[in-house]
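Asks: Give me a 3D structure for the following:
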Amino acid sequence: MTNAPNDPTLDHLLDAALPHVAFDGWSPATFEAAVADAGIDPAVAKTLCPRGATGLAIAYHQRGDAAMVEALAKADLRDMRFRDKVAHAIRLRLTVIDDKEAVRRGTTLFALPHMAADGAKLIWGTADAIWTALGDTSRDVNWYTKRMTLSGVYSAVVLYWLGDDSVDIQATDAFIDRRIDNVMQFEKLKAQVKSNPLLKPLTGTLDRMMASVKAPGAAADPNLPGMWRDPR
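Replies: Below you'll find the model as predicted:
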């Protein structure tokens with residue numbers, strides 16, 4: 001069943017779960033305690049979250065994405081270079097997190113082999129939310145490569161941030177800048193390769209192959225990358 005991200009009953013259940021996550025993780029024990037604390041009928045709770053605490057962990061991540069998009073909409077980005085806009089979006093995504101231990105426990109959960117696909121979808125969803133909020137209009141293979149690259153950057157940033165005890169996460173801020181620099185260097189290298197006349201036959205063939213790759217449309221299969229079907 002797919003639930004609206006702003007479902008008040010789900011929000012209430014999620015809020016009730018967070019105090020338990022630090023002790024029990026995103027586990028059945030946390031889900032049962034949240035249902036009891038929220039005073040929600042267990043049958044209703046299972047309808048909202050058929051996967052129990054896993055659904056709550058997914059909802060918590062999506063809540064953070066929504067808060068980031070809202071903060072980005074209010075931010076003045078007019079004088080920023082595009083790379084700085086991306087870095088700012090990543091920083092905002094960390095800033096809106098109100099429970100670092102919940103993220104730590106979620107990272108542990110989605111690192112499990114049978115949960116890895118869910119974790120990858122969530123990270124991809126964050127990258128997609130950032131690019132969409134920043135006005136990305138690409139509809140070709142660049143739609144995928146932008147999100148794939150940013151997914152890798154954001155994943156690395158979160159892992160670094162979880163271990164960062166510096167004042168005002170200054171170390172994480174510097175880490176974000178370094179990762180964005182790495183991406184820009186890679187993009188510069190790609191441009192140099194494409195402009196190299198010796199490699200023109202190869203790059204021309206690749207360009208023709210990639211020309212058929214299109215971003216998913218509104219009516220695309222929801223199982224494709226970038227299309228999210230809420231599994232709660």
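Asks: any idea how far Cys49 is from the residue nearest the centre of the chain?
Replies: Nearest to the mean C-alpha position of the chain, by Cα atoms, centre = their mean, lies Thr126 at 2.3 Å. Note on Thr126: its distance to Cys49, by Cβ to Cβ, to the nearest Å, is 20 Å. Placement of C-beta: from N, CA and C, glycine included.
Asks: Kindly report the same for Asp98.
Replies: 20 Å.
Asks: next one: Ala67
Replies: From Ala67 to Cys49 the distance is 20 Å (Cβ to Cβ).
Asks: between the two, who's got more neighbours?
Replies: Cys49 (26 against 16; other Cβ atoms under 10 Å).
Asks: Touching, that one and Gly55? I think so.
Replies: Yes - between Cys49 and Gly55 there is a contact at 3.3 Å, judged by Cβ atoms under 8 Å.
Asks: Now stretch 119-138: buried residues?
Replies: Using 16 or more other Cβ atoms under 10 Å as the test for burial, stretch 119-138 gives 119, 121-131, 133.
Asks: my bad, should have said stretch 87-99
Replies: By 16+ other Cβ under 10 Å, the buried positions in stretch 87-99 come out as 87-94, 96-97.
Asks: Show me the shaky parts of this structure.
Replies: 1-6, 186-196, 198-213, 218-232 (pLDDT under 70).
Asks: Okay, helices next: where are they in it?
Replies: Secondary structure of the chain by DSSP state H: the helices cover 8-24, 28-38, 42-48, 53-74, 82-95, 100-110, 116-133, 141-162, 170-195, 200-210.
Asks: out of the ones you listed, nearest to Gly217?
Replies: Nearest to Gly217 among the helices of the chain is helix 141-162 (10.9 Å), distances taken as Cβ to Cβ.
Asks: tally of neighbours for the closest residue to Met115 other than its chain neighbours?
Replies: Nearest non-adjacent residue to Met115, counting by Cβ to Cβ, 6 or more residues apart in numbering: Leu109, 5.8 Å away. Look at Leu109: counted by other Cβ under 10 Å, it has 19 neighbours.
Asks: Help me confirm that Leu109 comes into contact with Asp24.
Replies: No - distance between Leu109 and Asp24: 11.6 Å, which falls outside the contact criterion (Cβ under 8 Å).
Asks: Stretch 67-77: how far from the chain's middle?
Replies: 15 Å (Cα atoms, centre = their mean, to the nearest Å).
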